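Novice: Coordinates for the following, if possible.
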Amino acid sequence: MNKNEFIAAVHENKILAELGLSKSAVGAVIDAALDTVQQALKHGDEVRLVGFGNFYVAKREAAKGRNPRTGEDIQIKASKSPKFRAGKLFKDEINAAPAGKHGKK
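Specialist: Next up is the predicted model:
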């Protein structure tokens, strides 16, 4: 599912149908929500959505590595990476779902 398909699916959700929001309004809300998560992570905060999961930043220390082509030693810089850990309710819902369109569970 790409972003436009996601916006359309959210727009068609029964919960939002009562509000009468346009697709562009739903898209703006989704963009704002994603930007808010991104800005929180950028500032070192976690975003905890009870029942859904947690967005957080994982830090990787600098390390020594080896270039597989040349065998030369290289220095790998420290880095930060955004991560998501699904909550228990989310995991339970996914595991209870029937097989998807690709036949996977």
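
Novice: can you list the domains in this protein?
Specialist: Residue ranges of the domains in the chain are recorded as 1-45, 48-100, according to automatic domain parsing.

Novice: tell me, what residue is most central in the chain?
Specialist: Closest residue to the average C-alpha location of the chain: F84 at 5.8 Å, with CA atoms, centre = their mean.

Novice: ok, that one - contacts?
Specialist: Residues near F84 by CB atoms under 8 Å, 6 or more residues apart in numbering: G53, N54, F55, Y56. For every residue, glycine as well, the C-beta is placed using N, CA and C.

Novice: Try it again at 6 Å.
Specialist: For F84, the residues meeting the contact criterion (CB atoms under 6 Å, 6 or more residues apart in numbering) are G53, F55.

Novice: check which helix or strand covers it.
Specialist: In the assignment (DSSP states H and E), F84 maps to strand 79-86.

Novice: Return the alpha-carbon coordinates of that strand using CSV.
Specialist: As requested, C-alpha coordinates have been extracted for strand 79-86 and formatted as CSV (Å, rounded to 0.1, in the frame of the first residue of the first chain):
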residue,chain,number,x,y,z
SER,A,79,24.6,6.8,13.6
LYS,A,80,21.0,7.1,14.7
SER,A,81,18.2,5.1,13.1
PRO,A,82,14.4,5.5,13.6
LYS,A,83,12.8,2.3,14.8
PHE,A,84,9.3,1.0,15.5
ARG,A,85,8.3,-1.6,18.1
ALA,A,86,4.8,-2.9,17.7
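
Novice: from the chain's centre, how far out does the very next helix or strand once past it sit?
Specialist: Following the chain from strand 79-86 toward its C-terminal end, the next helix or strand by DSSP H and E is helix 88-96. Using CA atoms, centre = their mean, to the nearest Å, the mean C-alpha position of helix 88-96 is found 16 Å from that of the whole chain.
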